[in-house]
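Q: Sequence isn't available, so here's the structure alone:
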C-alpha cells in the first residue's frame, strides 16, 4: 500500500484532477487542478506550496557529526557555520555519484540531511569509530516547500523569517515551532519548512490562510518538474543513475561529469571517492552535463514540412533523447520541455566534453509525425532562468 | 551622431529600438511622457492599486520577440487567462473553460450541437491563424510593383495561400469578406456563444458584428498565441507596463538609450531626407535615420508636415481611418464582484467576463455609436488582474479592468467631464445588473474615453490600434498603398507603430518588422 503524507487530509480534497503519482512510496499530487499550468505559473509569479514530505531525512547528531558528513560528501562540512545549508553530492569509492541532497547545520553538533534515496546504512557504515547518532526522521518530520516571488511576504505574515540564500533558522508558524531553510528545487526565491509531522495540518492551514491574499497555490510534481529544468537542476534516476543502482560502469557518473565539480573539495580531509576524483580532476571529465536550447526556426521547419504547427510537450519529458554533432551521436538529453516563461524549448543533456562548451551547436532528435528528425540546438549555460530574487 | 532616433517609447518603438541596438546600431528612443510604454503601461492610479491603464491583455505579443530579446530575463511573465464567462440576462451564464471536457459539458447545456461544433471551429480557426501567421512576420510586398523583391514576396504569399487547400482557402475568403455575425451563424446557434466570439471581431473598430469585414478582426484575435497554442489569452504579470519595461530593459541591455520627458515636436527634413528631430524644448538631435512609432496621422500630418510629402500620400493618410470606438473603466475594489449567475469566488474570476449576451445586444450597442452616442448598454470585456496577479492590489483588495465598446471619439456635443462620468455610470450600471455588490465594493474609479486616450498617450482619435483593422487598411494597404513596407516618402524616415502591418494589439510585430526592413536596407 502506498503511504500518504502528513498533509494528506488537506491535499486530497484539493486534488480534483485525481492525478497522483508515487514518490518514495508515498502518494503525491502530479497536479491538483485539471492542468498544471496555473501551478507552474504560481512558482514564477506568486507562490506555490509543495508537499515534499517524502524526502528522506536524517538527523545526524554528536561530537563527530561534522566529521562523519565530511567523510561522506564531497563538500567541506566541517567549515560550515551553524545555520548554513550545503547542497552536495556524495560518491562511492570509485568517485561515482550515489545521491545528492542538502545538509543543514542546525547547530554545532546537529545536522539535517535530506536525500532522494535511503542513506541510513551508508551513513552508519561510514560512522564506524565515530561518536555520532544517526536517526531516520523521514516519517516524523513533515516538509513543505514554499516557492515563488511572494514566498517571503507570506512567511513574514506568520513569523520572523530573515534568511540569506542557503541558510536555515527556526521560527514558529501558526504557533508551531518549525525549521525554515531558504532552499528549494525551483531556482526561485523560496523556502523549505521542516516540522513535526503531528502539527502538519496546523502549519498547512496557517500558510494557506496567510498566503491567500498573495495568491498561494498548492502545486504538484508536474509544475515542479518544469521549474527545476528551467533552474537547470538534475533529478536522480532521471538525469543520472545512482552508482549503487548502475548495472554497468558506463551508467555511472562522477560529480565532474554532472557539472558538480564546484562541490568537490580535494583539499579537505579524506572522503569517500577522493582518490578517484583527484585522478579525474587531473585528467578532466569525459562528459559534461549541460543545458540545450533548441533552435526554434529549425524546430518549426520540421513541423511545417509535415504540414503541422509545432507541437510542444505541455509537461516536461523524462527520457533519453540522442544528441548529435556532425552526424555522430555525442550525447543524450535526459529531461526537457517547453518553458512557458522563456518561450523556449529547453533540455538537460550529457555531452562528450568536446562538444560541451557553451555556444556549441549540436542537434537533438525530435519525433515529428512518427518520424525521427533532428533539430539544431545550442549548448547554453545552466540555469536557463536565474532571477536575482533567488539570492537577493 | 546616433544611428537611429525612435519617436515614442510605446511597445513597438521599444521593440524596434531593441532589434536595431542588437544589430549594433546606436539608438535613441524619445518618449513624450515620464515613463515608457505608450498605451502598454502600468500605473499606480490609486495608492496600492496598479492598473494596465489602457491595453490590458498580453497574449498577442509575438513569442519570437520574447525569445529573441530574452524578455523573461528582463522580467516578463505572461500568465494564462483561463476562461470566459458570459452572464445572461435570465440569470444563467455561458462559460468557456480551458479544459475541453468541462467546456463541452458546459456548452451542451445551451446547445449540444454547438458543443460539438466548438472544437471543430477552433481547429479551423487555429489552422487559419497558422496559415496567416507567416504574413504577420512578412514585410508586405507591393502587388503593384514589378521589383524582384516585391515579386518574390508575392510568390511567397501565393505559396502560403496555395498551401491552405480548398477548405481553408474558402474559409479565408469568407473571413476576409463576411461579417463576424454571419460567419459565426454558419457554425453556432447559441446566441451568447456567437456574441461572445463576435465581440473579438469588433474590438478597436467602429463597426458592429453585422458589418462586413469584422470576421477578419475575429481571426486577428485568434493569433494571440501562447506557446504555439493559438487563441490562449494571457495577462502580463505586473500589467502591460511590465511588457514595455521588459522590452525597454532588453533595448538598454543592447545599448539603446531611452529618454523620457522628451516630446518630439517635428521631424527635421531637408532635401526629402530626414535629418533628425526637434524636441518641443527646442533641442535638435541629428540622426542618420528616424523611426516613428506614432500613428500615421500624427507622424505625417503632425511631425513631418504635409508640405514635405507628395499630395497623393497626404490624401491617403488623411483618409486613413482612426475612429476611436472604445473606452476603459478601471476600478479599485474592496471585495470581489459576486455574480448572481455564478456566486462566490471561483475560477471564473480568473478569466474574462464578457457582457455580450446576444448579437442583437452588440449590434444595438453599435447603432448608438453610429449616431454619435455611447452605448447605453455597452459590450464589456472585464478582467480582475488581481485574481491572476495579486501584486496588482493591496492584499485582499482587487482591481478590475473594464474594456468598453462603444464609446465613439466623435461624441455628439463632444466629450466633457460630465459626459465622461455619465459614461462611467453607464458602464457600472450595466455590470452591476449581473454583479449587484459591485457598486458598494468600488473604492475608486478611473474612466477613460477615446478623447482621454488621445490626450494622454497621443493616439489620434483614441484609436487603440493606430487605425482600424478594416480590410482596406490592412497588409499592403497599411497605412497607405505602396508605403506598407515601413518606409515613407521621406528618405531615412520609417514607421514602426501599429499603424503599419500587421496592426494593433500588444503584438510587437510592427516594431520587429520595421527593424528588419531597416536592417535589410543597411539603414
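A: It's in. Quick caveat, the model's predicted, so the values are computed rather than measured.
Q: by contact count, what packs against the helix or strand where residue B:67 lies?
A: Per DSSP states H and E, residue B:67 falls inside helix B:63-68. On a contact count with 3 or more Cβ pairs under 8 Å, 6 or more residues apart in numbering or on different chains; DSSP states H and E, helix B:63-68 meets helix B:11-22, helix B:509-520. From N, CA and C alone the C-beta is placed, and that goes for glycine too.
Q: try it again with 10 Å
A: Contacts defined by 3 or more Cβ pairs under 10 Å, 6 or more residues apart in numbering or on different chains; DSSP states H and E place helix B:63-68 against helix A:296-305, strand A:344-352, helix B:11-22, helix B:241-253, helix B:509-520.
Q: Please identify the deepest-packed of these.
A: Mean neighbours per residue, mean count of other Cβ atoms under 10 Å in any protein chain shown, is largest over the helices and strands packed on helix B:63-68 for helix B:11-22, with a mean of 31.
Q: Report whether that helix contacts chain A.
A: No. Helix B:11-22 is not in contact with chain A by Cβ under 10 Å from any Cβ of the partner chain; minimum separation 14.7 Å.
Q: Could you list every helix and strand in contact with that helix?
A: strand B:2-7, strand B:27-30, helix B:63-68, helix B:241-253, strand B:257-259, strand B:284-292, strand B:493-495, helix B:509-520.
Q: so can I have JSON lines of those showing distance to residue B:18 and mean pLDDT?
A: Shown next, in JSON lines, are those (distance: least, Cβ to Cβ, whole Å; pLDDT from 0 to 100):
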{"stretch": "strand B:2-7", "distance to residue B:18": "10", "mean pLDDT": "98"}
{"stretch": "strand B:27-30", "distance to residue B:18": "8", "mean pLDDT": "98"}
{"stretch": "helix B:63-68", "distance to residue B:18": "9", "mean pLDDT": "90"}
{"stretch": "helix B:241-253", "distance to residue B:18": "4", "mean pLDDT": "97"}
{"stretch": "strand B:257-259", "distance to residue B:18": "10", "mean pLDDT": "98"}
{"stretch": "strand B:284-292", "distance to residue B:18": "12", "mean pLDDT": "97"}
{"stretch": "strand B:493-495", "distance to residue B:18": "15", "mean pLDDT": "97"}
{"stretch": "helix B:509-520", "distance to residue B:18": "8", "mean pLDDT": "95"}
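Q: of all these, which lies closest to residue B:378?
A: Nearest of those to residue B:378, taken as Cβ to Cβ: helix B:241-253 at 25.5 Å.
Q: tilt between that closest one and helix B:509-520?
A: Interaxial angle, helix B:241-253 versus helix B:509-520 (axes from the mean of the first three to the mean of the last three Cα atoms, to 10 degrees): 20 degrees.
Q: who does helix B:241-253 touch, helix- and strand-wise?
A: Taking 3+ Cβ pairs under 10 Å, 6+ apart as contact, the helices and strands that helix B:241-253 lies on are helix B:11-22, strand B:27-30, strand B:42-46, strand B:49-52, helix B:63-68, strand B:234-236, strand B:257-259.
Q: List the neighbouring strands of the fourth one plus their orientation.
A: Neighbouring strands of strand B:49-52 in its sheet, by DSSP bridges, are strand B:42-46 (antiparallel).
Q: Flag every buried residue along the strand it pairs with.
A: Residues of strand B:42-46 classed as buried: B:42-43, B:46 (neighbour count, 16 or more other Cβ atoms under 10 Å in any protein chain shown).
Q: which residues in the stretch 151-300 of chain A form strands?
A: Secondary structure of the stretch 151-300 of chain A by DSSP state E, counting those that start in this stretch: the strands cover A:168-173, A:176-181, A:190-196, A:216-218, A:287-294.
Q: if we compare those, which one ends up closest to residue B:456?
A: Minimum separation from residue B:456 across the strands of the stretch 151-300 of chain A (Cβ to Cβ) falls at strand A:216-218, 35.4 Å.
Q: tell me the contacts of the residue in the stretch 51-200 of chain A positioned nearest to chain B?
A: Of all residues in the stretch 51-200 of chain A, residue A:150 sits closest to chain B, at 7.3 Å by Cβ to the nearest Cβ. If you count contacts by Cβ atoms under 10 Å, 6 or more residues apart in numbering or on different chains, residue A:150 has them with A:42, A:45-48, A:189, A:211, A:213-216, B:389-391, B:395.
Q: No further queries at this time; thank you.
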